[in-house]
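In: After the sequence you'll find the predicted model.
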Amino acid sequence: MLELLRLLEKDCTLTRGQMAAMLGRSEAEVSDAIADFEARGVILRYKAVVDWEKTDVEMVTALIDVKVTPQRGEGFDRVAERIYQYDEVESLYLMSGGYDLSVLITGRTMKEVALFVAEKLAPLESVTGTATHFLLKKYKDGGVVFAPVTPQEERILMV
Amino acid sequence: MSAFSWHLGQRVRAIPPSAIRRFFDLLETMPDAISLGIGEPDFVTPWHVRDRGIYSLEKGFTKYTPNAGLSELRGEISAYMRRHYDMAYDPKGEIVVTVGGSEAIDLAMRAVLEPGDEVLIPQPSFVCYGPIATLAGATPVFLETLAENRFRLTAEQLRAAITPKTRLLVLPYPCNPTGGIMERADLEAVADVLRDTDIAVISDEIYAELTYGEAHVSLAQLPGMEERTVVVGGLSKSHAMTGWRMGYACGPREVIAQMIKIHQFAIMSAPTTSQYAAIEALRHGDRDIAAMREEYDERRRFVVDALGRMGLPCFEPQGAFYVFPDIRSTGLTSEDFCEGLLRAQRVAVIPGSAFGASGEGFVRCCYAASMKQLTEAMERLKRFLEGTIQLTIDN
C-alpha cells in the first residue's frame, strides 16, 4: 500500500472512505494499513504546511552548519541527539562535505537564534565550529510552493 | 453610413449555435461555482517542458518552422508512436504537426471530403466533428452509441449506417464525454466491416494516454487498417499542454500530403515555441504521463464511487477524464438538471445532450479537478439530488 503513503503525504485530511475509493480498496484495508504504518513508525505524524509569512507572527529561521568531532564508538549520533533535544531545532541532518551537521532552527527574533547558537550549540564540547545562515525567504518547502496564487482569466470553453 | 448586408456562407450558417450557450452565460455570473465543465487537465505543463519552450525563445527561435513541423519534432512523434503503440510512421511525409488535434481533424476532413459525402460520427462525442464535416460540404451522419454497450460503436450499427455515399468514419476513442474506449476486439469487429468498403477513418486518439486498465489500441494497429486511417493525436491531454496547441496527424503519405497543403495555406506552421517544448515533452515526458494518469485514476475511482453511493447509475469510464452518469431517474432533462444543479448548488457539469442526441439523460463531469473540489462538488450534487427527489415526491 505504498500508494496510500503517497496519498497521505500529499493530503492527510482525506477521509479513509475517500482514500479507499481513490485506491480501489475497502475502507477496512485502508484503516488496517494506516494502523500498521503508524505502529511501525513509517507514518510519524500528520501536520499542516503553514505559511507564517501570511500571518502576524514574527519568525526567524536559520540554517546552521556545524562542525563536530565524532566520538569514539558513537560517531556523530551522540552529539546529534544532544542537539535535536532542543525544541528550537526543527530539523537536523548529517551531511557529507565541508561540515557535518545541518541544523534548522526557528526563533522569534534573530537575537534569539543567535543566542541559541552562542549559548547552547557552540559550547557543546564536540562542536568545533558553526556558521549561521538566516533564511530570508521561503520559496518552496516540503514540495509546496510558497507563492501568491495568480488567478487565471475566466474561460468559457466548449471542450 | 450606408447599411451593409453581409452575405454569409450557407455552410457556416447551417451550423446551429451552441445549444448550451445560455448555460455558460449563467455560469459566468457565478464566480463561486465549482466547475467540472471544462475538459482540460488541471495540471500545469511539467517544468522541464516549459523550460525547453523558454530556452527556445532565449536562443531566438522565433521564426516559422517547416510547414509540416520541425523535423526533429516529427522524428520524436514517430519514435513516440513506435514506442507506445508499435506503429511506424515516416517523419518525412507521414506526419504533420498541427495547431491542436482539432486542426488535424479539420485538415483530414477537408482533404478527404467532397460535397454530398457522408461522414459517420459516433455520438455522444466531442462537438467538432459535425460542424467541420458540414464546413467541408459533407453531411454528418450520427451513430448513437448506448450506455448498455458502454458507449462503444458496434459493428452492426456501423454496417447499418453505411450507404454508397459514406466516405469517412470518425472514431473518437477514448471518448469525450463518455469515457468509453474501444478494445481490440471491438476494433476488429469494426475493421471487418470496413475491409469490404472504401471508407476512410479519422481516429481521434487525443486521449490515448488516458486509459485505465486496458492500454489503448488504435484501429491503425490492426491489419489492413493503417492504410485507410489518419490517426489524430496531440499533447494537450497527455502532457497537460492545452494552451500550447500542439497536435499532429499520422497517416498514409497521399492523404498527409494533401493535409499539409491545406495547413500550409491556412496556418503556415504550428507555433514554433510550442514545437520546441513538444520535442522535450515527447522525449522525456513519459514519466509525467504516467504520474498524471495515476492521479486521474484516483480521482476517477473516487467520483465513480461517490456517484454510486448517491444512487446515480454510472457506467465505469475507462478512458479520458470524464464520468457520464445517467440522470434519468431524476425525471429531468440533462439541460434542466445542469441548470438546476448550477442554480441550486453552484456546480457546473455539462448536459449530455450537448454531445449528441443519445447524450440526453446523461451529464458530463470532468474529474480533472482537485480532490477538494471534487469532494465538495460531490457533496453538493448529493444535496441537489436529495432536493430533486423531495420535489418529485411533493409533486
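Out: Everything's here; your move.
In: How is chain B divided into domains?
Out: B:16-39+B:287-388, B:47-283 (automatic domain parsing).
In: And these: which comes nearest chain A?
Out: domain B:16-39+B:287-388 (3.6 Å; Cβ to the nearest Cβ). Quick note: C-beta positions are derived from backbone N, CA and C, even for glycine.
In: Please list all residues in contact with the residue nearest the centre of chain A.
Out: The centroid of chain A falls nearest to residue A:91 when counting by Cα atoms, centre = their mean (6.1 Å). By Cβ atoms under 8 Å, 6 or more residues apart in numbering or on different chains, residue A:91 lies in contact with A:102-104.
In: helix or strand for it, which one?
Out: strand A:89-94 (DSSP states H and E).
In: Paired strands for that strand, with orientation please.
Out: Paired strands of strand A:89-94, with direction, are strand A:101-107 (antiparallel) (DSSP bridges).
In: Around chain A, which positions in the stretch 101-250 of chain B sit nearby?
Out: B:126-127, B:176, B:242 (Cβ under 8 Å from any Cβ of the partner chain).
In: State the pair within those residues that is farthest apart.
Out: B:127 and B:242 (15.9 Å; Cβ to Cβ).
In: any idea of the mean pLDDT in the longest helix along chain A?
Out: Of all the segments of type helix in chain A, defined by DSSP state H, the longest one is helix A:27-39. For helix A:27-39, the mean pLDDT works out to 97.
In: For the next helix or strand after that helix, which helices and strands make contact with it?
Out: Once helix A:27-39 ends, the next helix or strand along the chain (criterion: DSSP H and E) is strand A:60-68. When contacts are defined as 3 or more Cβ pairs under 8 Å, 6 or more residues apart in numbering or on different chains; DSSP states H and E, strand A:60-68 packs onto strand A:101-107, helix A:110-116, strand A:127-134.
In: what angle separates strand A:60-68 from strand A:89-94?
Out: Strand A:60-68 and strand A:89-94 are oriented at 30 degrees to each other (axes from the mean of the first three to the mean of the last three Cα atoms, to 10 degrees).
In: List the buried residues in strand A:60-68.
Out: Residues of strand A:60-68 classed as buried by neighbour count (16 or more other Cβ atoms under 10 Å in any protein chain shown): A:60-62, A:64-66, A:68.
In: can you redo the residues you listed as CSV with distance to residue B:213 and pLDDT?
Out: As requested, the buried residues of strand A:60-68 are exported to CSV (distance: Cβ to Cβ, whole Å; pLDDT from 0 to 100):
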residue, distance to residue B:213, pLDDT
A:60, 52, 94
A:61, 46, 95
A:62, 51, 97
A:64, 51, 97
A:65, 51, 97
A:66, 52, 97
A:68, 54, 95
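In: show me the contacts for the residue lying closest to residue A:19 once chain neighbours are set aside.
Out: Take residue A:19 and drop its neighbours on the chain: the residue closest to it by Cβ to Cβ, 6 or more residues apart in numbering or on different chains is residue A:30, 5.1 Å away. Listed by Cβ under 8 Å, 6+ apart, the contact partners of residue A:30 are A:1, A:4, A:16, A:19-20, A:23.
In: May I ask which of those residues comes out lowest in pLDDT?
Out: Confidence-wise, residue A:1 trails the rest of the contacts of residue A:30, at 88.
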